[in-house]
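Colleague: Let me see the structure of the following:
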Amino acid sequence: MRRIIILISTFFYSGYFPFASGTAGTIVFLPFYWFIFGRMSWPFYVLSAVIITLAGIWASNYAAVIFGKKDPGKVVIDEVAGYMVTMFLIPLSFVNMIMGFFLSRIFDIIKPPPARQFEKLHGGTGIMMDDIMAGVYANITMHILLHFKVDAFIEGIISGFLK
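Modeller: From the prediction side, this is the model:
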């Protein structure tokens, strides 16, 4: 059982990256998002995000004991769940995926209220919920940026560089 808890909580051991483990965990998740989750219908996407979140709460509860810390840096399933929230109802594209990556990381790092307060919740719930809230902020920001066609602007810049 210990191996399963570590596998889930560290998202396939990506949490063992020696620095910026949350960023590493999110990067490791990007191919999963691109090939699997980003192509799902929204009901299956929501179901998947809920399952990942609940599995993350469960695994993080035990991982905190295993690693001997309230919110161990090796636990990165919370970043995965936060990224899932970030990308909810966002059209699948490489630019959107990268914009979502940066926004999810920024909001997870700065933790605007009430994200910081969610960290104080007990065990795996606290570990997971601050990233879920950061994902909500990032998702709202993504929708605003898409409304103003920032994604098309960035794609134009990239196309200009590739010519």
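Colleague: now the strands: where do they sit in the protein?
Modeller: Under the criterion DSSP state E, the chain carries no strands.
Colleague: How confident was the prediction at Thr86?
Modeller: As predicted, Thr86 sits at a pLDDT of 98.
Colleague: residues touching it, list them.
Modeller: Contact partners of Thr86, counting by Cβ atoms under 8 Å, 6 or more residues apart in numbering, are 100, 103-104, 135, 138-139, 142. The C-beta positions use only the backbone N, C-alpha and C, and glycine is treated the same way.
Colleague: Ok, Gly82 next?
Modeller: Gly82 neighbours (Cβ under 8 Å, 6+ apart): 104, 108, 131-132, 134-135, 138.
Colleague: okay, and for this structure, where does confidence drop off?
Modeller: Applying pLDDT under 70 to the chain picks out no residues at all.
Colleague: Distance check, the residue positioned nearest the centre of it against Gly25.
Modeller: Centroid-nearest residue in the chain: Tyr83, 2.6 Å away (criterion: Cα atoms, centre = their mean). For Tyr83, the distance to Gly25 (Cβ to Cβ, to the nearest Å) stands at 9 Å.
Colleague: out of everything not next to it in sequence, what's closest to Ile4?
Modeller: In space, Ile4 comes closest to Ala59 once its chain neighbours are excluded; the distance is 7.7 Å by Cβ to Cβ, 6 or more residues apart in numbering.
Colleague: okay, now the one you found: neighbour count?
Modeller: As a burial measure, Ala59 scores 24 neighbours (other Cβ atoms under 10 Å).
Colleague: where's it relative to Ile66, distance?
Modeller: Applying Cβ to Cβ to Ala59 and Ile66 gives a distance of 10 Å.
Colleague: Between these two, which contacts overlap?
Modeller: Shared contacts of Ala59 and Ile66, counting by Cβ under 8 Å, 6+ apart, come down to Ile5.
Colleague: Find the nearest non-adjacent residue to Ile158, please.
Modeller: Val95 (7.2 Å).
Colleague: what does Gly25 give?
Modeller: Of all residues beyond its chain neighbours, the one nearest Gly25 is Val76 (2.8 Å), with distances taken as Cβ to Cβ, 6+ apart.
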